[in-house]
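Novice: the sequence isn't on hand, but the structure is:
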Ligand SMILES: Cc1cc2nc3c(=O)[nH]c(=O)nc-3n(C[C@H](O)[C@H](O)[C@H](O)COP(=O)(O)OP(=O)(O)OC[C@H]3O[C@@H](n4cnc5c(N)ncnc54)[C@H](O)[C@@H]3O)c2cc1C
């Protein structure tokens with residue numbers, strides 16, 4: 001096993017090796033969860049792999065997810081039991097072995113309010129029972145994800161204090177899982193691939209590809225060059241059609257709001273509510289460990305050109321505020337919104353589906369006429385299975401990724417034993433110990449960089465020395481996720497720049 005640290009020095013050396021003719025079995029284009037998953041799977045089966053990403057790891061859709069690693073209540077409601085079962089199995093692998101440091105169980109309340117008919121309440125209860133049965137079939141014990149149970153109105157109010165008590169009849173609570181930070185999951189998968197010998201090269205774009213080669217451009221120097229490989233994988237998500245124009249994708253936009261959890265009375269559980277007048281359409285409020293709550297999610301076809309970083313419209317913000325306010329005592333206001341984010345789902349075109357909400361979240365490997373292996377559709381939760389399905393096509397060596405822990409993975413007992421601030425253990429797992437070592441000679445690195453923000457100086461340094469950040473944007477937006485709340489980002493940017501200049505680390 002080689003080192004998992006990614007940094008500018010390693011990038012330069014590995015790029016030079018490739019340009020001097022190092023042999024490649026697999027060239028993966030795209031550094032989202034899909035590409036990172038393929039790089040890890042292929043490297044773990046002994047293939048020589050390079051992954052190139054035009055900007056930064058998790059620059060695309062993978063950092064704009066709802067952060068759910070889910071067993072699929074929504075898929076059950078739509079009758080897609082196969083996808084729900086696959087998701088439940090993948091969730092089990094992530095919780096159990098692959099990323100127990102980043103993926104955690106949480107409770108979701110489905111409230112039964114004045115407008116919930118007995119029929120709808122019964123349907124919701126049945127849905128959670130089916131999700132629970134899939135959990136059982138997937139082999140995840142109830143000690144990890146407890147069985148669903150009904151709650152009284154008083155108990156529902158204790159979980160979400162801002163619910164409207166008038167007509168509240170209680171609800172049902174079920175268990176699912178969420179990831180601490182989707183960009184950190186991508187990073188952990190990519191670094192684990194690097195530890196098995198994969199070359200992970202950011203800021204390198206593919207300008208064109210064929211089944212056995214790609215024309216690339218180094219974003220640092222502007223140089224163009226070609227690379228050859230036995231197989232080329234297009235894992236560029238919603239941008240896949242720019243490299244493989246024959247693919248049929250239907251991008252759909254999903255928007256979230258960021259609120260202070262205090263606006264919802266500091267809920268102790270997440271909450272899902274049905275959208276009035278719509279079938280199988282839900283919105284949810286998902287509390288985060290940092291005192292914010294995400295409210296999502298829209299699902300509308302994207303019209304017009306693909307934006308590099310999509311943004312929320314006022315109409316989407318108004319829709320989400322209205323839908324989530326349905327069961328609340330006092331409706332949420334525009335001023336409660338402290339940030340927004342939006343992403344584009346790379347959905348596969350399917351005949352018969354009118355609305356993007358009805359398109360299945362299944363994935364597919366589509367071999368292009370030129371031999372390119374396109375890996376499209378799917379979701380964050382099932383990235384490992386997506387990668388397995390693709391790599392199975394090119395090698396007979398069995399897949400072992402259900403048993404490969406990501407960098408930082410550790411059991412709850414191991415994590416509890418680490419002598420480091422809780423924030424570091426939560427976000428870096430067992431690697432929190434490495435951050436403590438990095439800060440050994442300068443205790444100031446363990447202090448928050450700003451009195452209103454929890455970010456520690458050492459997180460910035462680690463981002464550069466171990467996590468492949470090449471710029472301040474990489475650090476603030478993908479390693480620390482400060483861009484989710486523009487005010488927080490603005491507060492920290494000058495201090496982050498100063499600290500990095502002091503350590504002569506930023507360009
Ligand atoms: C709003 C929203 C919420 C979601 N919530 C969930 C959820 O809660 N749980 C879940 O399981 N799934 C969720 N999903 C689905 C999941 O996020 C996506 O399926 C997944 O992130 C797609 O990953 P990807 O790697 O295929 O694409 P991306 O993450 O977009 O990665 C593609 C990468 O390719 C790079 N690239 C593009 N062109 C080139 C080029 N020419 N050369 C080099 N690199 C290139 C891009 O920069 C990008 O980094 C959600 C999706 C959306 C949109």
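Specialist: Received the coordinates, thanks. Not measured: the values here are computed from a predicted model. Numbering: from 1, shown residues only.

Novice: where along the stretch 251-400 of the chain do the helices fall?
Specialist: With DSSP state H, counting those that start in this stretch as the criterion, the stretch 251-400 of the chain has helices at 314-325, 383-391.

Novice: how far does the longest one sit from its chain's centre?
Specialist: Centre-to-centre, helix 314-325 and its host chain are 23 Å apart (C-alpha atoms, centre = their mean, to the nearest Å).

Novice: by contact count, what packs against it?
Specialist: Applying 3 or more C-beta pairs under 8 Å, 6 or more residues apart in numbering; DSSP states H and E, we find helix 314-325 packed against strand 249-260, strand 282-287, strand 292-296, strand 337-348. Where you see a C-beta, it was placed from the backbone N, CA and C, and this is true even at glycine.

Novice: residues touching residue 173, list them.
Specialist: Applying C-beta atoms under 8 Å, 6 or more residues apart in numbering to residue 173 gives the contacts 107-110, 148-151, 159, 269.

Novice: please read the previous query as pertaining to residue 385.
Specialist: 86, 89-90, 363.

Novice: list the ones among the residues you listed that fall in strands.
Specialist: Among the contacts of residue 385, DSSP state E puts residue 363 in strands.

Novice: in PyMOL, how would I select the buried members of the contacts of residue 173?
Specialist: Applying 16 or more other C-beta atoms under 10 Å to the contacts of residue 173, the buried members can be selected in PyMOL as follows:
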select buried, resi 107+108+109+110+148+150+151+159+269
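
Novice: just the contacts of residue 173: which are in strands?
Specialist: Secondary structure defined by DSSP E assigns 107-110, 149-151 of the contacts of residue 173 to strands.

Novice: wait, which of those is closest to residue 203?
Specialist: Nearest to residue 203 among the ones in strands among the contacts of residue 173 is residue 108, at 38.6 Å by C-beta to C-beta.

Novice: ok so, going back, mark which of the contacts of residue 385 are buried, thanks.
Specialist: 86, 89-90, 363.

Novice: how confident was the prediction at the residue nearest the centre of the chain?
Specialist: In the chain, the centroid-proximal residue (C-alpha atoms, centre = their mean) is residue 182; its distance is 2.8 Å. Listed pLDDT for residue 182 reads 97.

Novice: I figured it hits residue 68, correct?
Specialist: No - between residue 182 and residue 68 there is no contact under C-beta atoms under 8 Å: 9.5 Å.

Novice: got the contacts of residue 173 as JSON lines, with distance to the ligand and pLDDT columns?
Specialist: As requested, the contacts of residue 173 are arranged in JSON lines below (distance: C-beta to the nearest ligand atom, whole Å; pLDDT from 0 to 100):
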{"residue": "107", "distance to the ligand": "16", "pLDDT": "97"}
{"residue": "108", "distance to the ligand": "12", "pLDDT": "96"}
{"residue": "109", "distance to the ligand": "18", "pLDDT": "97"}
{"residue": "110", "distance to the ligand": "17", "pLDDT": "96"}
{"residue": "148", "distance to the ligand": "20", "pLDDT": "97"}
{"residue": "149", "distance to the ligand": "24", "pLDDT": "97"}
{"residue": "150", "distance to the ligand": "25", "pLDDT": "97"}
{"residue": "151", "distance to the ligand": "24", "pLDDT": "98"}
{"residue": "159", "distance to the ligand": "21", "pLDDT": "98"}
{"residue": "269", "distance to the ligand": "17", "pLDDT": "98"}
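
Novice: any chance of the contacts of residue 173 in JSON lines, with distance to residue 261 too?
Specialist: JSON lines is the format used below for those (distance: C-beta to C-beta, whole Å):
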{"residue": "107", "distance to residue 261": "15"}
{"residue": "108", "distance to residue 261": "15"}
{"residue": "109", "distance to residue 261": "14"}
{"residue": "110", "distance to residue 261": "19"}
{"residue": "148", "distance to residue 261": "24"}
{"residue": "149", "distance to residue 261": "24"}
{"residue": "150", "distance to residue 261": "25"}
{"residue": "151", "distance to residue 261": "20"}
{"residue": "159", "distance to residue 261": "13"}
{"residue": "269", "distance to residue 261": "12"}
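
Novice: any buried residues in the longest helix anywhere in the chain, and which?
Specialist: Looking across the chain with DSSP state H, the single longest helix is helix 118-138. For helix 118-138, a neighbour-count test (16+ other C-beta under 10 Å) marks 121, 124-125, 127-128, 130-132, 134-135, 138 as buried.

Novice: and the spatially closest residue to residue 369 that is not a sequence neighbour, how many residues sit next to it?
Specialist: Excluding its sequence neighbours, the residue lying closest to residue 369 (C-beta to C-beta, 6 or more residues apart in numbering) is residue 246, at 6.4 Å. Residue 246: 11 surrounding residues under other C-beta atoms under 10 Å.

Novice: mind checking pLDDT for residue 246?
Specialist: On the pLDDT scale, residue 246 gets 90.

Novice: secondary structure class for it?
Specialist: coil (DSSP: H, G, I helix; E, B strand; the rest coil).

Novice: I'd say it and residue 370 touch.
Specialist: No - in this structure residue 246 lies outside contact range of residue 370 using C-beta under 8 Å: 9.0 Å.

Novice: which other helices and strands does the helix or strand bottoming out on mean pLDDT in the chain contact?
Specialist: Here the helix or strand of the chain ranked lowest by mean pLDDT, DSSP states H and E is helix 73-77, holding a mean of 80. Applying 3+ C-beta pairs under 8 Å, 6+ apart, one finds that helix 73-77 contacts helix 81-93, helix 118-138.

Novice: nearest to the ligand, of those helices?
Specialist: The ligand sits nearest to helix 81-93 of all those, at 7.3 Å, using C-beta to the nearest ligand atom.
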